[in-house]
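K.L.:
have a look at this prediction, sequence included:
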Amino acid sequence: MKKRSKSRSTIVLLCLFLCLLGGTVFVYLSIPQNQTHAKYSGATSIEEPKKEEDTSKRMSLVMVGDALIHGAVFADAQTGKNSYNFKPMFTSIEKNIKGYDLKYYNQESIIGGGTPQHYPRLNSPDAIGSDLASIGFNLVSLANNHSLDQGESGILYSTAFWKKQKNVITAGSYSSFEERNALPVYEQNGIKYAFLSYTMRTNGLTVPKGKEYLVNVYEKEQVKKDIEAVKEKGAEVILVAMHWGNEYTHVPTNEQKEVASYLSSLGVNLIIGAHPHVIQPIGYVGNTLVIYSLGNFISAQKVLGLEKIIGLLVGLDIVVDENKSVHFENMKVKLHYTYYNSSNRNFKVIPFDELTDSTLKNHESIEKEYMEIVSREV
């Protein structure tokens, strides 16, 4: 009997040992192998994997197209003799550009001093510039085909006017060679950036000899020198406003594509296009993001067709990583519409997501049609 009891005891102990061993094996296998074990200290603990610190820098930019101030636009803004108020025209746009670091537009019609003038030799009231600056626009292109509409005196007035606007950066038109060749590099959120502006044409008007600084007319060698100069000054991001292409076509020309390819080869990160007065596609040329045309921001060109009063608002983040590589994130593209009534009054720039059929009939199908143009392959 004693022998049987000892045998049973041995068997029981052996079973208990195997159960404990099995349980231990189960516990070990059930711990995910990608977790790190701390040294035993009376309790089992699992350390979380360390997250890599994001050392990239970023700044945000929003862009709209041409402020083309025809006679009907400034007449609607007039509040008295030599007094204008454009702000009510942009209340909806102001809401859409808040929060961005840089806010860009092209001053198509020069602020040239004296009496405002309509097409073909445009001249805009000071208030269009000061009003847009007051709602946040701080990056303004001045090189375009209307830069010389008021001659040398107009440009000198324009450059003096813009110097008085606090925190506004301009490019493309200057009062001296010294100023034109300064090529400043700015800083935003730790990112060093340069802003350059060029036009392919000046409506047949010629820059006075020896005063080529008045407007930046595109020349390959000069552009190359400018870009090399800002790189030497430490620019990590290079933005270039290009006044190019043919008017009233949604299709970029071969010239636009060639210029985009050349600027890309020089290291330009973003090209902001203007002049066609209608929207054109957005795409990449190499590592360069190209907005071929933002279209009109505001104008009185409805008589020439709906496409002349539909423009783009593009917002994005510019990111510079620890290796100085530049890329873009969080791109948002919106269409906007310049509304005004049959009496050429009540001008207002309205984003499509705020439109109703009473403002623009069939606006939803129109939006779809025009967004297809934006995403069209070039």
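P.N.:
Thanks, I have it. What you see is a predicted model; the values in this text were computed from it and never measured.

K.L.:
burial of N323, as a residue count?
P.N.:
Counted with other Cβ atoms under 10 Å, residues neighbouring N323 total 7. C-beta coordinates here come from the backbone N, C-alpha and C atoms, glycine included.

K.L.:
repeat for T356
P.N.:
For T356, the neighbour count with other Cβ under 10 Å is 9.

K.L.:
contacting residues for it?
P.N.:
Taking Cβ atoms under 8 Å, 6 or more residues apart in numbering, we find T356 in contact with H363.

K.L.:
in three-state terms, label it for me.
P.N.:
What DSSP: H, G, I helix; E, B strand; the rest coil gives for T356 is coil.

K.L.:
any idea how far it is from N362?
P.N.:
Distance, T356 to N362, using Cβ to Cβ, to the nearest Å: 11 Å.

K.L.:
can you give me the pLDDT of the nearest residue to F137 once chain neighbours are set aside?
P.N.:
With sequence-adjacent residues excluded and distances taken as Cβ to Cβ, 6 or more residues apart in numbering, F137 is closest to K103, at 4.7 Å. At K103, the predicted lDDT confidence score is 98.

K.L.:
is K103 in contact with V62, as I believe?
P.N.:
Yes - using Cβ atoms under 8 Å, K103 is in contact with V62, at 5.3 Å.

K.L.:
intersection of neighbour lists for these two?
P.N.:
Residues within reach of K103 and of V62 at once, by Cβ under 8 Å, 6+ apart, are I97.

K.L.:
check the protein for its longest strand and report it.
P.N.:
The longest strand of the chain (DSSP state E) is strand 326-339.

K.L.:
ok, that one: who's next to it in the sheet?
P.N.:
Applying DSSP bridges to the sheet, strand 326-339 is found paired with strand 310-320 (antiparallel), strand 348-351 (antiparallel).

K.L.:
and those strands: which comes nearest V73?
P.N.:
Nearest of the strands paired with strand 326-339 to V73, taken as Cβ to Cβ: strand 348-351 at 10.7 Å.

K.L.:
so the helix or strand just after the closest one versus strand 326-339, what angle?
P.N.:
Along the chain past strand 348-351, the next helix or strand (assigned with DSSP states H and E) turns out to be helix 363-374. Compare the direction of helix 363-374 with that of strand 326-339 by axes from the mean of the first three to the mean of the last three Cα atoms, to 10 degrees and you get 140 degrees.

K.L.:
what's helix 363-374 in contact with?
P.N.:
Helix 363-374 is contacted from outside by 250, 279-282, 306-307, 310, 312, 333, 335, 337, 352, 355-357, 360, using Cβ under 8 Å, 6+ apart.

K.L.:
now those residues: which count as buried?
P.N.:
Buried residues within the contacts of helix 363-374, counting neighbours by 16 or more other Cβ atoms under 10 Å: 250, 279-282, 307, 310, 312, 335, 337, 352, 355, 360.

K.L.:
distance to E152 added to the residues you listed, as CSV?
P.N.:
Output for those, formatted as CSV (distance: Cβ to Cβ, whole Å):
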residue, distance to E152
H250, 35
I279, 33
Q280, 32
P281, 37
I282, 36
E307, 34
I310, 35
L312, 33
L335, 38
Y337, 37
F352, 41
L355, 42
L360, 42
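
K.L.:
many thanks, we can stop here.
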